[in-house]
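Chemist: need coordinates for the below:
(one chain, ligands or ions: 1)
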Amino acid sequence: MPGLLLGDVFPNFEAETTCGRVKLHEYLGDSWGILFSHPRDYTPVCTTELGRVARLSGEFSKRGVKLIALSIDSLEDHCGWSKDILAYNCEKSECCKLPYPIIADSKRELAVSLGMLDPDEKDKDGLPLTARCVFVIGTDKRLKLSLLYPATTGRSFDEILRVVDSLQLTAEKRVATPADWKPGECVMVPPNMPEEEAASLFPAGVFSKELPSGKKYLRYTPDPRNQGECVDTERSQTEPNS
Ligand code: BEZ
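Modeler: Take a look at the predicted model:
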């Protein structure tokens, strides 16, 4: 089965891109990376997605994330289509060039080896197109997260930024982030951490929610990068652990 598992070292492939030939690990350097694929150039959903990423590129740079896109189209198509993406999505003053390279995988070699093809979406010759994949790669070049959307559903890149915030926090601190978490909100103490260890690691306090089971596994602590209170209304109904 082609494809990658979480924790695998991301292949250091070489590819032609709109910014010249790229070797992935050298391109990423010490940064985090996001490789995202789209089904086809000159298609509507893809045009909105690549434009959204262009507009959010400053947010990705702030987080030390380098971006690279991929589809099975040619370099010539990527270059022609880039002008449409910019015209549709960006003010003239904002950018005159997409702020990330697009890989031309016209032989589908990367798409096959990385498990990116969508068997339900085919081109006029009956060959599968690339799905909407997202691979988040850590500074150790290992896969930290992958998403796989069908061609017919555009992604939320605000969610991908949120996910990067969680991945970067949890790479640094031994915490987990709950559903819909955003930076600054309370984080969760991992279930396998003994209470005494949690108390010494999180001096701002560990708060647990009373549950019918009586088990104290829903434990919150303030975001360790932004020490404050657990301000979240629903989640603040917690009791400090003694
Ligand atoms: C699109 O980007 O709009 C698209 C591409 C392939 C299949 C369906 C939609």
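Chemist: C-alpha from now on. contacts and neighbour counts both.
Modeler: OK.
Chemist: domain ranges for this protein?
Modeler: 14-165, 173-238 (automatic domain parsing).
Chemist: and residue 34, what does it touch?
Modeler: By C-alpha atoms under 8 Å, 6 or more residues apart in numbering, the contact set of residue 34 is 65-68, 134-137.
Chemist: which of the residues you listed lies closest to the ligand?
Modeler: Taking C-alpha to the nearest ligand atom as the measure, the ligand sits nearest to residue 134 out of those, at 15.2 Å.
Chemist: mind listing what the closest one touches?
Modeler: Residue 134 neighbours (C-alpha under 8 Å, 6+ apart): 34-37, 145-148.
Chemist: need the buried ones from these selected in PyMOL.
Modeler: In PyMOL, this line selects whichever of those come out buried by 16 or more other C-alpha atoms under 10 Å:
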select buried, resi 34+35+36+37+145+146+148
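Chemist: in strands only, show me the contacts of residue 134.
Modeler: Of the contacts of residue 134, the ones assigned to strands by DSSP state E are 34-37, 145-148.
Chemist: of the residues you listed, which is the nearest to the ligand?
Modeler: residue 37 (11.0 Å).
Chemist: what's across from the closest one in the sheet?
Modeler: Assessed by DSSP bridges, residue 37 has beta-bridge partners residue 70.
Chemist: returning to that earlier point: who wins for proximity to residue 8 among the domains of the chain?
Modeler: domain 14-165 (5.3 Å; C-alpha to C-alpha).
Chemist: now do the end-to-end distance for the closest one.
Modeler: Using C-alpha to C-alpha, to the nearest Å, one end of domain 14-165 lies 28 Å from the other.
Chemist: is it up against the ligand anywhere?
Modeler: Yes: with C-alpha under 6 Å from any ligand atom as the criterion, the ligand is reached by domain 14-165 at 39-40, 43-46, 151-152.
Chemist: so how far is that domain from its chain's centroid?
Modeler: Remark: domain 14-165 is offset 11 Å from the chain centroid, using C-alpha atoms, centre = their mean, to the nearest Å.
Chemist: the spatially most central residue of the chain: what secondary structure?
Modeler: Most central in the chain under C-alpha atoms, centre = their mean is residue 160, positioned 4.2 Å from the mean C-alpha point. Put simply, residue 160 is helix when judged by DSSP: H, G, I helix; E, B strand; the rest coil.
Chemist: can you give me the pLDDT of it?
Modeler: pLDDT for residue 160: 98.
Chemist: list the contacts for it?
Modeler: Contacts for residue 160 were tallied using C-alpha under 8 Å, 6+ apart; there are none.
Chemist: residue 36 contacts residue 130, correct?
Modeler: No: the criterion here is C-alpha atoms under 8 Å, and residue 36 misses it with residue 130 at 10.2 Å.
Chemist: if we can go back for a sec, any of the residues of domain 14-165 next to the ligand buried? List them.
Modeler: Neighbour-count burial (16+ other C-alpha under 10 Å) applied to these gives 39-40, 45-46, 151.
Chemist: narrow the residues you listed to those in helices?
Modeler: 45-46 (DSSP state H).
Chemist: between the buried ones among the residues of domain 14-165 next to the ligand, which sits nearest residue 115?
Modeler: Using C-alpha to C-alpha, those come closest to residue 115 at residue 39, 13.2 Å.
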